[in-house]
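[1] Have a look at this prediction, sequence included:
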Amino acid sequence: MQTVTTREMLRTAVDGLRAEGRTLALVPTMGALHEGHLTLVREAKSRADSVAVSIFVNPTQFGPNEDLDAYPRRMAEDSALLEKEGVALLWAPGVAEMYPDGYATNVSVSGVSEGLCGAARPGHFDGVATVVCKLFNQVRPDLALFGEKDWQQLAVIRRMAADLDLVRPHVSAIHGVPTVREADGLALSSRNQYLSPEQRQQAAELPQAMRDAIAALHSGSAVAPTLAAMEAHLLQAGFASVDYATLADAASLVPLDSLSGAPARLLVAARIGGTRLIDNMAV
Ligand SMILES: Nc1ncnc2c1ncn2[C@@H]1O[C@H](COP(=O)(O)OP(=O)(O)OP(=O)(O)O)[C@@H](O)[C@H]1O
Ligand SMILES: CC(C)(CO)[C@@H](O)C(=O)[O-]
Ligand code: BAL
């Protein structure tokens, strides 16, 4: 595996990997890798001749009171894991390489960015869209893979790539990968390591409350009281607050007040202590 930290080194490495029509898949990450990330890598390997992974803790997607400084950074361990998976290229730029002096451009996606995590984390999706646009232009992958755990992020990236004509020639496909979960149902996330053992046990109530709510909706319960009961379940289980608990159209993320037959998604963000967890499931 080649590890590159400058755009110049990256250009040479990408040219080599793309020679003779060989295909390249990109898996963007913020590091602190777990089985969720490795599942994206394995899926990428099955779909392209070679795989590039980026590790960049992007400061512009963190709010002023969020966990940018605390976010886990484990480059040596991450690099060993990726090497073992047969990744060809690790793109690990520093902040000054990604945003050199004088950097002034922002990508902002309307509509799908605005509710849910966009409302709870102002500016977050501008930071995500901007850095992912840059990653697509830098790596020029044939395919990019993202986890469905970050469902709204995936919708924002698909919108951005279509609107900015990145889908061809740069990224010919954006592939969503189903959420990888622990045995008790908790979605794997780098932020799970902030949880104390007691909080980690309580955290399993998030997927449980969501499965209960989905069962209630399918058996005819109305949306608003079902969501209210789910929120009460989470607070009872020790969650400090619920940022949102929403039934939404799976593609547009417009909130729904009833099941209409179109694909719907239950999306939740809730806090245990200072840790914010998100999850979503098909309804
Ligand atoms: N449990 C998971 N299953 C599938 N994909 C995942 C999972 N967790 C993260 N991913 C995906 O991995 C990519 C990189 O995510 P990131 O590095 O932010 O990890 P994370 O575990 O989501 O961290 P965070 O705690 O910041 O949410 C994203 O496309 C994300 O959706
Ligand atoms: C897509 C991403 C790598 C952009 O920084 C990040 O938001 C993430 O890890 O999900
Ligand atoms: N996994 C999404 C990145 C973030 O929460 O900033």
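    Great, that's in hand. Ligands and ions are numbered 1, 2, ... in the order given.
[2] ranges for the helices of the stretch 51-200 of the chain?
    Ranges of helices in the stretch 51-200 of the chain, per DSSP state H, counting those that start in this stretch, are 75-84, 95-98, 116-120, 124-139, 151-163, 197-203.
[3] so which of these comes closest to Thr6?
    helix 95-98 (5.9 Å; CB to CB). Using the backbone N, CA and C atoms, a C-beta is placed for each residue, glycine as well.
[4] Which residues outside that closest one are in contact with it?
    Residues outside helix 95-98 that contact it (CB atoms under 8 Å, 6 or more residues apart in numbering) are Thr5, Thr6, Arg7, Phe56, Asn58, Pro59, Val131, Lys134.
[5] Buried ones in that helix, by neighbour count?
    By neighbour count with 16 or more other CB atoms under 10 Å, helix 95-98 contains the buried residues Glu97, Met98.
[6] Over to stretch 260-268?
    Quick answer for stretch 260-268 (16+ other CB under 10 Å): Ala264, Arg265, Leu266, Leu267, Val268.
[7] what's the answer for stretch 54-70, then?
    In stretch 54-70, counting by 16+ other CB under 10 Å, buried: Ser54, Ile55, Phe56, Val57, Asn58, Thr60, Gln61, Phe62.
[8] Without its sequence neighbours, what residue ends up closest to the residue of the stretch 101-250 of the chain found nearest ligand 1?
    Distance from ligand 1 to each residue of the stretch 101-250 of the chain (CB to the nearest ligand atom) is smallest for Gly147, at 2.1 Å. Distance criterion CB to CB, 6 or more residues apart in numbering; nearest residue to Gly147, sequence neighbours excluded, is Val177 at 5.4 Å.
[9] wait, what's in contact with that neighbour?
    Applying CB under 8 Å, 6+ apart, the residues near Val177 are Thr39, Leu40, Glu43, Leu145, Phe146, Gly147, Glu148.
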